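A.B. asks: fold the following.
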Amino acid sequence: MRVQRLHSVTLPRSSVDLDRGTGYSPSIGSGTGSEYRMAFFATVESRKNAAFGINGVLLVSSLILIGTGSSLMGFYRIHMLEVITLDFIIVPTVLTGGGLFTLLVSFFGFAAVAKEDSCLLTCFSVLLGVDFCILVAGIISSVRLLFDIQIGFLDADVMTELSAYETNSWVRYKWDTMQTEFTCCGGYGYAQGYMDWKKTTMGGSRNSVPDSCCLFVSPGCGSNLFEVNDIRVVIGKINVHGCITVMQRRMETHVTVILMLFSVRTFTK
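C.D. replies: Alright, predicted model coming up:
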């Protein structure tokens, strides 16, 4: 009785298959093709998750930027110090505007990654580049502002603005806001800031200071103040420290730290 033996033959993978990267192998029982497809989809999924993670970081960063810029303008009122340098306007504007732009970029990125559209992903990359440039501009302005806080306050000429108090509505609003919120009066000096108003038309001809200088604000409370010779009476009626001096102290203790943290965080983003 003759027994016929069967031999399995494994054919070599063709160069065409290798070039195409199909992973196909004619060998019997081979699972290389399915393993390749699984690895491919796993790689795509991991990249998609990474992209979602990046957009999540952008979303959180945008909220931090918006909150920081808003607090600098709403609480510290640094945008009102443009008489010293325009950087006091540029920095909070860049922070707030850059935060809003980053927020929109993150939402756009979520949509682009979810749809897996190459055109949207390309646009997202361009927007990321623009966002980076905006944040670099914010860093440069922040560093400049750090130096301005240390030395720029000494070079500011506030008398021009104080003289325009009665004729310029923005100047009046600005100084009334600063003098009320920071409990100060005039420009420079501790206990002598209010004397800057004596060099204006209001103080020179009417011996008065703005009502916003008063401890308890009421119409006419600052009238005829310079007719009082007793400093104790003056201290009992108005704030005597200069606003620039008071705000410089707050800048050095609070705003400097905020700007340094912003610069470091953005640089390491």
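
A.B. asks: which residues in the protein form helices?
C.D. replies: 15-20, 32-74, 87-115, 118-151, 159-163, 169-181, 201-206, 231-237, 243-250, 256-267 (DSSP state H).

A.B. asks: counting contacts, what elements does the fourth one pack onto?
C.D. replies: Put plainly, it is helix 118-151. helix 87-115, helix 256-267 (3 or more Cβ pairs under 8 Å, 6 or more residues apart in numbering; DSSP states H and E). In this view, the C-beta of every residue, glycine as well, is placed from N, C-alpha and C.

A.B. asks: again, only this time at 10 Å
C.D. replies: Secondary-structure packing of helix 118-151 (3 or more Cβ pairs under 10 Å, 6 or more residues apart in numbering; DSSP states H and E): helix 32-74, helix 87-115, helix 243-250, helix 256-267.

A.B. asks: what mean pLDDT does the last one have?
C.D. replies: Summarised as a single mean, pLDDT over helix 256-267 is 71.

A.B. asks: can you list the helices of the chain in TSV and add mean neighbour count and distance to residue 213?
C.D. replies: Below are the helices of the chain laid out as TSV (neighbours: other Cβ atoms under 10 Å; distance: least, Cβ to Cβ, whole Å):
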stretch	mean neighbour count	distance to residue 213
helix 15-20	10	82
helix 32-74	14	22
helix 87-115	20	22
helix 118-151	16	24
helix 159-163	16	12
helix 169-181	17	5
helix 201-206	15	11
helix 231-237	12	9
helix 243-250	21	10
helix 256-267	16	27
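
A.B. asks: nearest to residue 149, out of the helices and strands packed on helix 118-151?
C.D. replies: helix 256-267 (5.9 Å; Cβ to Cβ).

A.B. asks: where does pLDDT dip in the stretch 1-150 of the chain?
C.D. replies: Along the stretch 1-150 of the chain, segments meeting pLDDT under 70 span 1-44.

A.B. asks: now with 90, please.
C.D. replies: 1-95, 98-99, 102, 106, 109-122, 124-125, 128-150 (pLDDT under 90).

A.B. asks: likewise for the stretch 151-269 of the chain?
C.D. replies: 151-161, 188-192, 203-206, 228-231, 244-245, 247-269.

A.B. asks: on that earlier part again, of the helices of the chain, which is nearest residue 188?
C.D. replies: helix 243-250 (5.4 Å).

A.B. asks: could the C-alpha coordinates of the closest one be exported in CSV?
C.D. replies: Extracted C-alpha coordinates of helix 243-250, given in CSV (Å, rounded to 0.1, in the frame of the first residue of the first chain):
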residue,chain,number,x,y,z
CYS,A,243,-1.9,107.4,42.5
ILE,A,244,1.2,106.6,40.4
THR,A,245,3.2,105.9,43.6
VAL,A,246,0.4,103.7,45.0
MET,A,247,-0.1,101.8,41.7
GLN,A,248,3.6,101.3,41.3
ARG,A,249,3.8,99.6,44.6
ARG,A,250,1.0,97.3,43.6
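
A.B. asks: the inter-axis angle of that helix versus helix 169-181?
C.D. replies: 60 degrees (axes from the mean of the first three to the mean of the last three Cα atoms, to 10 degrees).
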